[in-house]
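# Below: sequence and its predicted model.
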Amino acid sequence: MFQKSRYLTRGIQHEIPFDIQIMLWELIDKRIASGAKMDYLQIFDLKAKGSEDYPVQHLVHRQEQPDYKMEYAIEYKNPVTEKIYVIDSGEYSTMLLASEY
């Protein structure tokens, strides 16, 4: 699961910085490498936090079956607020904004 071709929607390409896209794929890859049971739907909630002097990208990675939730906070120059889904169809995986679903 999540190891075949990977695609992005136009919304992801235009709204989510490339380094955050890579980070999300890497979080999925780390879960796979750890042997964790993966749901076909991975959910990422991104929120801009912190201040102008210390901007923070807050990120919650979760799935429903089996239940999983991990939170991260990193200093990041231009944090974004968005909900992102990564869906595995079996043949390929697609990263999309929740609003594009």
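Yep, it's here.

# Now Leu27. Nearest residue, chain neighbours left out?
Nearest non-adjacent residue to Leu27, counting by Cβ to Cβ, 6 or more residues apart in numbering: His61, 5.4 Å away. C-beta coordinates here come from the backbone N, C-alpha and C atoms, glycine included.

# Secondary structure element for the one you found, which one?
His61 belongs to strand 55-63 when elements are defined using DSSP states H and E.

# And the next helix or strand past that strand?
strand 68-75.

# For the very next helix or strand once past that next one, name the packing helices and strands.
Once the chain leaves strand 68-75, the next helix or strand it forms, by DSSP H and E, is strand 82-88. Strand 82-88 is packed against helix 18-33, strand 41-50, strand 92-97, with contacts defined by 3 or more Cβ pairs under 8 Å, 6 or more residues apart in numbering; DSSP states H and E.

# Between strand 92-97 and strand 82-88, find me the angle.
Counting by axes from the mean of the first three to the mean of the last three Cα atoms, to 10 degrees, strand 82-88 lies at 170 degrees to strand 92-97.

# All good on my end, thank you.
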